[in-house]
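Asker: Give the three-dimensional model of this entry:
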Amino acid sequence: MTNDATGSRATWALLALAIGAFGIGTTEFSPMGLLPVIAEGIGVSIPTAGMLISAYAIGVMVGAPMMTLLFSRFGKRTALMALMGIFTIGNLLSALAPDYWTLLAARVVTSLNHGAFFGLGAVVAASVVPKEKQASAVAVMFMGLTIANIGGVPAATWIGQQIGWRMAFAGTSALGLVAIAALRFALPKGAPGQPVNVRRELRVLIRPEVVISILITMLGFSGTFALYTYVAPLLEDLVGASGSFVTLALALIGIGFTVGNWLGGKLADWSPEGATAIFLAAMAVIMLAMPFLLTSRVTAAITLMVWGIAAFAIVPPVQTRVMQAAHDAPGLASSVNIGAFNLGNAIGAAIGGAVIALGYGYAAVPVAGGALAVAALSLVAVARRRTVEPNSCYST
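Answerer: Model prediction:
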């Protein structure tokens, strides 16, 4: 096969994975902009509605290893298509949910595909390019997630505000059908999967370097979602934002996520550890300064876009770190790390909600997120020390 044919096959495969990521990103992040609308629609408070986001994140964490092991007997294409089927069903159930608890359960169903899709998808993405471009290939797949924040999330937010949040979920379910078709077209059928040696895979997960990498992921995204979960009411409270400005702000954050994802992939090709440290430090500084920066719509828009760059730039390097540390069992470790992203989402949403509920005000929410980013940065330093210690079990 010629290099052009190989490159074309890789491009189509990465595009199909990015389409799936776009759908998942839309359903994961759109509730942030719709929290006030959903809360009013089902008769609960905004912090209570925020638990829908936490429930989704916990579902990802639990579902990531479970679904990865369950679908290991299938080929990668079949597994990824089946996972997007779960996505489609879950969003339809969300659109039809009659009350808060049913919606909560539907969000958990939707979340079950998330970790395994990104975990297996990252392995597929890395397998279709040369080794020196693997981080960039993973970033291409995640580009669908970030572009969702430019197009999918603002569109779902607008639909939810104008027509109703149920229609936003119904529309999102259609993205699942598009992703299934794209995966069917772009990915080769491949050989059937092999039964997983669960004991061997789990042993990989308890390696110190894998554990530290997963903890960095969890703490870093706890900081991100302490803010992002409550960005709509935060903007309404601090700068008097209207619904249209919230939609604009979400689009700007999405642009930041997209730029950051690309930049993080490029720097991770150079050094996953160095890129992680740089962007965690930037995120911490920006979030700790936010109470002084979110003083007008202009400064809020600029600050949130720059924050979005730093916040999502950590994704390719931390995902690459885990796959390298668990090189002999990357599928499960990659999926569990996606679970760690979403455990961080749940922790961040809970911490942000607690800050609000305790009466500290919305200005304190990004400060709490900044503190979590500092904690993640300290673990990067721990990982670095393990790398340079002569007797360390960590190797590069």
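
Asker: Need the contact partners of stretch 39-51.
Answerer: With contact meaning CB atoms under 8 Å, 6 or more residues apart in numbering, stretch 39-51 is reached by 31, 35-36, 38, 99-100, 103-104, 164-165, 229-230, 233, 349, 352-353, 356-357. (C-beta placed from N, C-alpha, C; glycine too.)

Asker: which among those end up buried?
Answerer: Buried subset of the contacts of stretch 39-51 (neighbour count, 16 or more other CB atoms under 10 Å): 31, 35-36, 38, 100, 103-104, 165, 229-230, 233, 349, 352-353, 356.

Asker: wait, which of those is closest to Ala373?
Answerer: Nearest to Ala373 among those, counting by CB to CB, is Gly352 at 13.6 Å.

Asker: For the closest one, give me its contacts.
Answerer: 50, 225-227, 229-230, 365, 368-369.

Asker: Tabulate those (JSON lines), appending secondary structure and distance to Asp269.
Answerer: JSON lines is the format used below for these (DSSP: H, G, I helix; E, B strand; the rest coil; distance: CB to CB, whole Å):
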{"residue": "Gly50", "secondary structure": "helix", "distance to Asp269": "36"}
{"residue": "Phe225", "secondary structure": "helix", "distance to Asp269": "27"}
{"residue": "Ala226", "secondary structure": "helix", "distance to Asp269": "29"}
{"residue": "Leu227", "secondary structure": "helix", "distance to Asp269": "28"}
{"residue": "Thr229", "secondary structure": "coil", "distance to Asp269": "31"}
{"residue": "Tyr230", "secondary structure": "coil", "distance to Asp269": "34"}
{"residue": "Val365", "secondary structure": "helix", "distance to Asp269": "34"}
{"residue": "Ala368", "secondary structure": "helix", "distance to Asp269": "32"}
{"residue": "Gly369", "secondary structure": "helix", "distance to Asp269": "28"}
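
Asker: from those residues, which has minimum pLDDT?
Answerer: Least confident by pLDDT among the contacts of Gly352: that is Gly50, with 79.

Asker: which helices and strands does the helix or strand where Met167 lies pack with?
Answerer: Remark: Met167 resides in helix 165-186, with elements defined by DSSP states H and E. Judged by 3 or more CB pairs under 8 Å, 6 or more residues apart in numbering; DSSP states H and E, the packing partners of helix 165-186 are helix 3-42, helix 76-96, helix 153-162.

Asker: Disregarding flanking residues, what is the spatial nearest neighbour of the residue positioned nearest the centre of the chain?
Answerer: Among the residues of the chain, the one closest to the centroid is Phe341, at 6.0 Å (CA atoms, centre = their mean). Spatial nearest neighbour of Phe341, chain neighbours left out: Phe221 (4.9 Å); criterion: CB to CB, 6 or more residues apart in numbering.

Asker: do Gly119 as well
Answerer: Excluding its sequence neighbours, the residue lying closest to Gly119 (CB to CB, 6+ apart) is Ser335, at 2.7 Å.

Asker: any idea how far the strand or helix carrying that neighbour is from the chain center?
Answerer: If you go by DSSP H and E, Ser335 is part of helix 330-357. From the chain centre to the centre of helix 330-357 is a distance of 9 Å (CA atoms, centre = their mean, to the nearest Å).

Asker: between that helix and helix 3-42, how big is the angle?
Answerer: Put simply, helix 330-357 runs at 30 degrees to helix 3-42, going by axes from the mean of the first three to the mean of the last three CA atoms, to 10 degrees.

Asker: if we can go back for a sec, surely the residue nearest to Gly119 is in contact with Leu120?
Answerer: Yes. Contact criterion CB atoms under 8 Å: Ser335 and Leu120 qualify, at 6.9 Å.

Asker: who touches both of these two?
Answerer: Contacts common to Ser335 and Leu120, judged by CB under 8 Å, 6+ apart, are Thr68.

Asker: Looking at those two, which is more packed in?
Answerer: Using other CB atoms under 10 Å as the criterion, Ser335 and Leu120 rank with Ser335 on top: 29 against 26.

Asker: Just the pLDDT for the more buried one.
Answerer: If you check Ser335, the pLDDT there is 79.

Asker: likewise Pro233?
Answerer: So, for Pro233, pLDDT stands at 85.

Asker: now Val198
Answerer: At Val198, the pLDDT value in this model is 61.
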